[in-house]
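**Student:** A structural model of the following input is requested.
(one chain, ligands or ions: 1)
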Amino acid sequence: MDEILKYFPDLTDLQIEQFQKLDFLYHDWNEKINVISRKDIDSLYTKHILHSLGIAKIMKFEPGTTVLDVGTGGGFPGIPLAILFPETRFYLIDVIAKKIKVVQGVADALELKNVKAEQKRAELVKGDFDFIVSRAVTNMPDFVSWIKDKIKKQHKHKLKNGILYLKGGDLAEELKDFPNATLYNLADHFEDEFFETKKVVHLPLKFKP
Ligand SMILES: C[S@@+](CC[C@H](N)C(=O)[O-])C[C@H]1O[C@@H](n2cnc3c(N)ncnc32)[C@H](O)[C@@H]1O
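**Tutor:** Below you'll find the model as predicted:
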């Protein structure tokens, strides 16, 4: 938790309490439904929560922004971002129902009013969003094909509406057909060696009528 406060020193008391509660909630849920590998659960705050908040180092969502988290699993990056941006609306989806049960359980326990969680396949999501966030779901070409018609037309941020994807390693081959993608190194923001190769990929997408 100290790590979260180190990089996000302006949290309110409520946000601090909500981030603290994640420790118990994820350990508890993970015993019933495995959403975080046993190897990683002890690094919950670095590898899952802080990593999710990496998106916030690139993008400060304005109040009223709508964000879709595709393949959220146990709620990453959606849940940490929903705590940090209480006035942004987050729609968290995953194709596996029991993962959404965990997400709903965590959102309920934290009384997050800005989270809607649903068991759904990405390709079948209706509606449009300012941004679509994700981590560890699929490669960029497939991802874009799933969500390309779900982007809002009106931009209200400096970064254009589109995808904010947490990815690691060498992305040259995967992103070769996306020359307008911008990579932001999380190592510029977080010291832990876990972030050495981690990036946020911003891919602006045009509204398709
Ligand atoms: C490796 S997990 C990552 C979970 C989470 N994003 C994280 O980083 O911890 C990938 C998740 O994507 C979900 N998924 C895969 N294909 C999907 C699709 N077409 N629509 C929605 N969810 C999908 C899987 O069910 C799984 O929960």
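
**Student:** At the contact with the ligand, which residues of the protein appear?
**Tutor:** 70-74, 76, 93-96, 99, 121-122, 135-137 (Cβ under 6 Å from any ligand atom). For glycine as for every other residue, the C-beta is placed from the backbone atoms N, C-alpha and C.

**Student:** Can you flag the buried ones in those residues?
**Tutor:** 70-74, 76, 93-94, 99, 122, 135, 137 (16 or more other Cβ atoms under 10 Å).

**Student:** In a markdown table, list those residues along with pLDDT and secondary structure.
**Tutor:** Below are those laid out as a markdown table (pLDDT from 0 to 100; DSSP: H, G, I helix; E, B strand; the rest coil):
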| residue | pLDDT | secondary structure |
| --- | --- | --- |
| 70 | 98 | strand |
| 71 | 98 | coil |
| 72 | 98 | coil |
| 73 | 98 | coil |
| 74 | 97 | coil |
| 76 | 98 | coil |
| 93 | 98 | strand |
| 94 | 98 | strand |
| 99 | 98 | helix |
| 122 | 98 | helix |
| 135 | 98 | strand |
| 137 | 97 | coil |
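
**Student:** so which of those residues comes closest to residue 83?
**Tutor:** Nearest to residue 83 among these: residue 76, at 12.0 Å, using Cβ to Cβ.

**Student:** Now do that closest one against residue 107, distance only.
**Tutor:** Using Cβ to Cβ, to the nearest Å, we find residue 76 at a distance of 13 Å from residue 107.

**Student:** Pretty sure residue 164 sits in a helix.
**Tutor:** No - counting by DSSP: H, G, I helix; E, B strand; the rest coil, residue 164 is not part of a helix but strand.

**Student:** ok, it - how many residues close by?
**Tutor:** Around residue 164 there are 24 other residues, counting by other Cβ atoms under 10 Å.

**Student:** Over to the one 4 residues further on?
**Tutor:** Residues lying near residue 168 (other Cβ under 10 Å) number 15.

**Student:** cool, and residue 66?
**Tutor:** By other Cβ under 10 Å, the residues close to residue 66 number 17.

**Student:** again with residue 77
**Tutor:** The burial count assigned to residue 77 is 28, neighbours taken as other Cβ under 10 Å.

**Student:** Look up the pLDDT of it for me, please.
**Tutor:** pLDDT, residue 77: 98.

**Student:** wait, what's in contact with the closest residue to it other than its chain neighbours?
**Tutor:** Counting by Cβ to Cβ, 6 or more residues apart in numbering, residue 52 is the residue found nearest to residue 77 once chain neighbours are left out, at 3.3 Å. Residue 52 makes contacts with 76-81, 135, 166, as judged by Cβ atoms under 8 Å, 6 or more residues apart in numbering.
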